[in-house]
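[1] Take this sequence and fold it.
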Amino acid sequence: MAGAARRVRALMSWKGRLGRAPYAVVGTVLVLVKFGLDRLLAAAFDRRWGYADYWSPSAYALDDLPRAQWGFYAALAGIALPLPWSGCR
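    Predicted coordinates for the structure are as follows:
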């Protein structure tokens with residue numbers, strides 16, 4: 001148990017290094033968590049969300065985005081903001 005706690009602390013610390021395999025596992029888990037959160041958020045806004053929506057999320061250009069969709073995309077950005085922290089090591 002102490003080894004697992006030490007690993008979690010290492011993941012949340014700016015000190016030390018993380019090997020390739022743990023980094024890949026953490027990255028994969030975070031991608032899956034983010035995708036699940038995006039799907040839940042889309043469902044809350046009565047929208048569908050799939051893998052292709054990351055490449056083409058809207059039929060509108062950003063400056064033509066209808067005001068009704070601003071909340072959805074702002075929420076997506078809010079969910080995404082903490083994730084880059086995991087790769088800043």
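[2] Tell me who's in contact with residue 6.
    The contact partners of residue 6, by Cβ atoms under 8 Å, 6 or more residues apart in numbering, come to none. Just so you know, the C-beta spots here come from the backbone N, C-alpha and C atoms, and that holds for glycine as well.
[3] So what touches stretch 46-56?
    So stretch 46-56 is contacted by 35, 38, 39, 41, 42, 43, 72 (Cβ under 8 Å, 6+ apart).
[4] any idea how far the fourth one is from residue 64?
    Counting by Cβ to Cβ, to the nearest Å, the gap from residue 41 to residue 64 is 22 Å.
[5] okay, these two: which has more neighbours?
    Taking other Cβ atoms under 10 Å, residue 41 and residue 64 do not tie; residue 41 has more neighbours (16 against 8).
[6] ok so, going back, would you format the contacts of stretch 46-56 as CSV with pLDDT included?
    Shown next, in CSV, are the contacts of stretch 46-56 (pLDDT from 0 to 100):
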residue, pLDDT
35, 93
38, 93
39, 94
41, 93
42, 92
43, 94
72, 86
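[7] Can you select the buried ones among the residues you listed for me in PyMOL?
    Remark: buried members of these, expressed as a PyMOL selection using 16 or more other Cβ atoms under 10 Å:
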select buried, resi 38+41+42+72
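[8] Now tabulate the contacts of stretch 46-56 in TSV and tack on secondary structure and distance to residue 18.
    Converted to TSV, these look like this (DSSP: H, G, I helix; E, B strand; the rest coil; distance: Cβ to Cβ, whole Å):
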residue	secondary structure	distance to residue 18
35	helix	22
38	helix	25
39	helix	28
41	helix	29
42	helix	31
43	helix	33
72	helix	34
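[9] closest to residue 3 among the contacts of stretch 46-56?
    Using Cβ to Cβ, residue 35 comes nearest to residue 3 of these, at 29.6 Å.
[10] Now do the contacts for the closest one.
    residue 51.
[11] same question, the one 3 residues further on
    Residues in contact with residue 38, defined by Cβ under 8 Å, 6+ apart, are 49, 53, 76, 79.
[12] Filter the residues you listed down to the buried ones.
    49, 76.
[13] Just give me the closest of the contacts of residue 38 to residue 2.
    Using Cβ to Cβ, the contacts of residue 38 come closest to residue 2 at residue 79, 32.7 Å.
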